[in-house]
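> Coordinates only, no sequence provided:
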Ligand SMILES: Cc1cc2nc3c(=O)[nH]c(=O)nc-3n(C[C@H](O)[C@H](O)[C@H](O)COP(=O)(O)OP(=O)(O)OC[C@H]3O[C@@H](n4cnc5c(N)ncnc54)[C@H](O)[C@@H]3O)c2cc1C
């Protein structure tokens, strides 16, 4: 069958573009994904014991963009959810980012009050200050707090995350994490923060339900090149892989997810508990807090940071180094010179960490610059809009 567009990848980027091309331009779109499911990394189909779980780590939707919120709200209603994270520090669970509650839980009382008083004078209640600023502060009470938070909450976590030793971290980059001068323990402060009422996968199903869209799963782009008729391509996979890593592989960090079911209603007080120090893993997710599932059993997922080995595990976090950005720029140049008809977009093609709302926003922006490849606009297009 002939399609106007081939969209490679059924994550947020590919699905948003496919939906827009189909509903706004009346284009025929074939979406392929090499995984056996849609929704990319946001996939939340059944896991252990049949409970829905976030198969690729906790995905919490939050955005300041009304445009993105309105767009996605056409395909889902929302369940209110505010994300809170606890960190296990010396065996005590405290709010992360570090706030006044964390301070009083971990620091001896008299010292904690003295630090709180200094923070209130310096920053004021409700303010935030980056750890780096605290580290450099002339007042030893505050620089001492900076050292404590950097060591206990951040350095080892980051080192595990990036596969480095704590002394290999650049404090000017890693020290950007804030200390919060209040008892507000919300992880995000965006205007919109919620979970899709029926889950992400159900939302993606509705986005892809347009009659102009066909979806092929378990299908790698390589397997169908030259076999499906189409005019243009949107590629949301790894750009280096598209070009057979001809300039070398773009480095990523990966994760191993270990799932476990326990016969209790809840195993931890919040969805995510961070383990910043001696443990080999970085965090444990309890899915029910995110999915809203009831029941007497619960599923936990432990995240173990890993090196990314192409072909063996999934690429998750681009490694933010100048040399890697330069390598990506070379691939972009190659793309412009050799396949100008292919549009590269999404976290793997752009080699950028995007939150979900940023991926949608980027896709909507890409769409605005496109025009139909075959002008088949009919007056009775799908009523959905933005
Ligand atoms: C552990 C983790 C936690 C996260 N938590 C959050 C969060 O809490 N909140 C938030 O906003 N964001 C979160 N994110 C970010 C979120 O996952 C991304 O914003 C989103 O996945 C971007 O969508 P995408 O479509 O660009 O990429 P993806 O979701 O990765 O989709 C790309 C798709 O392309 C497919 N593909 C690639 N190459 C090929 C090929 N050659 N042929 C066929 N198919 C191919 C892949 O199988 C994949 O399904 C998290 C990310 C990670 C890694």
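Yes, it's here. Worth saying up front: this structure is predicted, and the values here are computed from it rather than measured. Numbers count the residues shown, from 1 in each chain.

> Now do stretch 15-26: everything it contacts.
Stretch 15-26 is contacted from outside by 4-5, 7, 10, 27-29, 31, 38-40, 71, 204, 207-208, 210-213, 234, 345, 359-360, 363-364, 366-367, 370-372, 376-378, 381-382, 384-385, using CB atoms under 8 Å, 6 or more residues apart in numbering. Where C-beta positions appear, they are placed from N, C-alpha and C, glycine not excepted.

> From those, list the ones also adjacent to the ligand.
10, 40, 359 (CB under 6 Å from any ligand atom).

> For the first one, give me its contacts.
If a contact means CB under 8 Å, 6+ apart, then residue 10 has 18, 31-33, 35, 37-40, 204, 208, 215, 217 as its contacts.

> for it, phi and psi?
Per-residue torsions, residue 10: phi -110, psi 30 (degrees, to the nearest 10).

> for the ones next to the ligand among the contacts of stretch 15-26, which one is nearest residue 98?
Residue 98 lies nearest to residue 359 out of those, by CB to CB, at 28.9 Å.

> does the closest one count as helix, strand or coil?
Applying DSSP: H, G, I helix; E, B strand; the rest coil to residue 359 yields a three-state assignment of helix.

> ok, now residue 269?
Under three-state DSSP, residue 269 falls in the coil class.

> so it makes contact with residue 93?
Yes: using CB atoms under 8 Å, residue 269 is in contact with residue 93, at 7.1 Å.

> Return the set of residues that bridge with residue 52.
Counting by DSSP bridges, residue 52 forms beta bridges with residue 46.

> if I look at it, how far off is the ligand?
Computed as CB to the nearest ligand atom, to the nearest Å, the residue 52 to the ligand distance reads 16 Å.

> Surely that residue and residue 44 touch.
Yes: counting by CB under 8 Å, residue 44 is a contact partner of residue 52 at 5.2 Å.

> quick one: common contacting residues for these two?
Common contacts of residue 52 and residue 44, defined by CB under 8 Å, 6+ apart, comprise 199, 291.

> More neighbours: which of those two?
Shown here are residue 52 and residue 44; by other CB atoms under 10 Å, residue 44 has more neighbours (25 against 22).

> what's the neighbour count on whatever residue of the stretch 201-350 of the chain ends up closest to the ligand?
Distances between the stretch 201-350 of the chain and the ligand by CB to the nearest ligand atom are smallest at residue 237, namely 2.4 Å. When neighbours are defined as other CB under 10 Å, residue 237 has 22 of them.

> ditto for the one 5 residues further on
Residues within reach of residue 242, counting by other CB under 10 Å, total 22.

> same thing with residue 112?
For residue 112, using other CB under 10 Å, the count is 17.

> do the same with residue 343
The number of residues packed near residue 343 is 21, by other CB under 10 Å.

> Mind checking if the host helix or strand of it is in reach of the ligand?
Assigned by DSSP states H and E, residue 343 belongs to strand 342-344. No: applying CB under 6 Å from any ligand atom, one finds strand 342-344 separated from the ligand by no less than 10.8 Å.

> same question for that strand, mean pLDDT?
The predicted model gives strand 342-344 an average pLDDT of 98.

> next one: stretch 154-168
84.

> and if you look at stretch 270-281?
The pLDDT scores in stretch 270-281 average 95.

> Look at that stretch and report the distance between its end residues.
Start-to-end span of stretch 270-281 (CA to CA, to the nearest Å) is 17 Å.

> Also stretch 361-374?
Using CA to CA, the gap from the first to the last residue of stretch 361-374 comes to 25 Å.

> Please point out which parts of that stretch sit buried.
361, 362, 363, 364, 366, 367, 370, 372, 373 (16 or more other CB atoms under 10 Å).

> How about stretch 196-210?
By 16+ other CB under 10 Å, the buried positions in stretch 196-210 come out as 196, 198, 199, 200, 201, 202, 203, 204, 205, 207, 208, 210.

> what does it contact?
10, 15-16, 18-19, 22-23, 31, 37-39, 42-45, 52, 59, 61, 72, 75-79, 215, 291, 382.

> List buried residues within these.
Neighbour-count burial within the contacts of stretch 196-210 applies to 10, 15-16, 18-19, 22-23, 31, 38-39, 42-45, 52, 59, 61, 72, 75-76, 78, 215, 291; the criterion is 16+ other CB under 10 Å.

> First-to-last residue distance for stretch 241-257?
24 Å.

> Keep only those of the contacts of residue 10 that are in helices.
In helices, defined here by DSSP state H, the members of those are 18, 204.

> Enumerate the residues of the protein near the ligand.
So far as CB under 6 Å from any ligand atom goes, the chain lies against the ligand at 8-14, 32-35, 40-42, 56-60, 220-221, 236-237, 255, 316, 346-348, 354-357, 359.
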